[in-house]
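Asker: what follows is a predicted protein model with its sequence.
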Amino acid sequence: MAMTARNISQFWEWGRKIICVGRNYADHAKELKNAIPTEPVLFLKPPSAYVREGSPILVPPYTGNLHHEVELGVVIGKGGTAIPQAAAMEHVAGYALCLDMTARDIQDECKSRGLPWTLAKAFNTSCPVSDFIPKERIPDPANLNLWLKVNEQLRQNGSTSQMIFSIPYLISYISDFITLEEGDLILTGTPKGVSAVQEHDELQAGIQDVVTMSFRVDRQD
Ligand SMILES: O=C([O-])CC(=O)C(=O)O
Ligand SMILES: [Mg+2]
């Protein structure tokens with residue numbers, strides 16, 4: 001069989017890790033009554049969390065409060081450990097619009113019991129992802145409008161200029177502890193406006209004039 005070169009524009013098929021940053025927007029930290037972090041809050045999703053347009057977001061049977069979180073995803077093109085902030089953008093191949101689907105009731109229970117967020121954040125279809133956006137199409141990732149609608153109603157509308165920790169800072173910080181590899185994805189946190197979704201809802205999200213995507217919500221059988 002002929003070897004075919006892997007194409008970064010299908011990074012979700014590579015089986016690489018998804019590193020998520022939490023509480024990176026003060027307005028979202030406040031709406032959930034969390035303190036403003038002094039260091040990035042990190043958690044992971046497995047690559048089995050990816051879902052692409054055309055397939056539904058599945059509500060796990062154990063949650064009664066599934067939330068949307070619209071986020072800018074940063075796709076790593078060149079791996080590294082202890083990457084200095086000044087070189088961080090050289091490690092970026094591009095971007096993707098992502099949702100960090102969250103079982104909020106399970107997360108609340110995990111928080112109160114001091115347990116990890118895995119079942120709240122890492123279940124199948126917890127990471128809907130848009131087409132790959134090459135880096136050249138987003139010259140200033142620190143000034144992008146992100147929005148999300150549920151059944152045509154605007155729920156989230158924020159700007160990446162509100163991030164507490166910048167993309168270069170996050171790449172540098174994460175790579176001090178977790179080696180970044182080509183094809184990894186960093187979810188950079190959500191602005192305010194998170195809310196519950198139900199079976200049969202239609203979610204639409206976009207990055208200003210760059211990309212839009214839509215997903216239907218279904219119940220898991
Ligand atoms: O669950 C949370 O609120 C943390 C998080 O992912 C975010 O801020 O994007
Ligand atoms: Mg999030």
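Answerer: Cool, got the structure. Numbers count the residues shown, from 1 in each chain. Ligands and ions are numbered 1, 2, ... in the order given.
Asker: where does the chain get nearest to ligand 2, residue-wise?
Answerer: Taking Cβ to the ion, ligand 2 has its nearest neighbour within the chain at residue 100, 3.4 Å off. All C-beta spots, glycine's among them, are computed from the backbone N, C-alpha and C.
Asker: for ligand 1, give me its nearest residue in the protein.
Answerer: residue 22 (3.1 Å; Cβ to the nearest ligand atom).
Asker: in contact with the closest residue to that residue other than its chain neighbours: list those residues for me.
Answerer: Nearest non-adjacent residue to residue 22, counting by Cβ to Cβ, 6 or more residues apart in numbering: residue 41, 4.0 Å away. By Cβ atoms under 8 Å, 6 or more residues apart in numbering, the contact set of residue 41 is 21, 22, 23, 24.
Asker: and the residue of the chain closest to ligand 1, how far from residue 182?
Answerer: 24 Å (Cβ to Cβ, to the nearest Å).
Asker: these two: who's more crowded?
Answerer: Taking neighbours as other Cβ atoms under 10 Å, residue 22 and residue 182 compare with residue 22 leading, 23 against 17.
Asker: touching, residue 60 and residue 66? I think so.
Answerer: Yes: assessed by Cβ atoms under 8 Å, residue 60 is found in contact with residue 66 at 7.5 Å.
Asker: and for residue 143, the neighbour number?
Answerer: Count around residue 143 with other Cβ under 10 Å applied: 11.
Asker: geometric centre of this structure: which residue is closest?
Answerer: Residue closest to the mean C-alpha point of the chain, counted by Cα atoms, centre = their mean, is residue 187 at 3.5 Å.
Asker: which residue, other than its chain neighbours, is closest to that one?
Answerer: residue 20 (4.3 Å).
Asker: now do the SS call for that neighbour.
Answerer: strand (DSSP: H, G, I helix; E, B strand; the rest coil).
Asker: overlap in contacts of residue 60 and residue 66?
Answerer: With Cβ under 8 Å, 6+ apart, residue 60 and residue 66 have common neighbours residue 103.
Asker: give me the more crowded residue out of these two.
Answerer: The residue with more neighbours, out of residue 60 and residue 66, is residue 66; 25 against 17, by other Cβ under 10 Å.
Asker: contact residues of the protein facing ligand 2?
Answerer: By the rule Cβ under 5 Å from the ion, the part of the chain lying against ligand 2 is 69, 100, 190.
Asker: dump the contacts of residue 41 to TSV, plus pLDDT.
Answerer: Below are the contacts of residue 41 laid out as TSV (pLDDT from 0 to 100):
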residue	pLDDT
21	98
22	98
23	97
24	98
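Asker: dump the residues you listed into TSV; add distance to residue 80 as well.
Answerer: What follows is those, written out as TSV (distance: Cβ to Cβ, whole Å):
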residue	distance to residue 80
21	18
22	23
23	25
24	21
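Asker: state the pair within these that is farthest apart.
Answerer: By the measure Cβ to Cβ, 21 and 23 form the most distant pair in the contacts of residue 41, at 7.9 Å.
Asker: what's around the closest residue to residue 62 other than its chain neighbours, how many residues?
Answerer: Nearest residue to residue 62, sequence neighbours excluded (Cβ to Cβ, 6+ apart): residue 106, at 6.7 Å. Here the number of neighbours of residue 106 (other Cβ under 10 Å) works out to 22.
Asker: hang on, residue 106 in a helix?
Answerer: Yes: according to three-state DSSP, residue 106 belongs to a helix.
Asker: chain center to the strand or helix carrying residue 119: distance?
Answerer: Element membership for residue 119, per DSSP states H and E: helix 118-121. Chain-centre distance of helix 118-121: 14 Å, with Cα atoms, centre = their mean, to the nearest Å.
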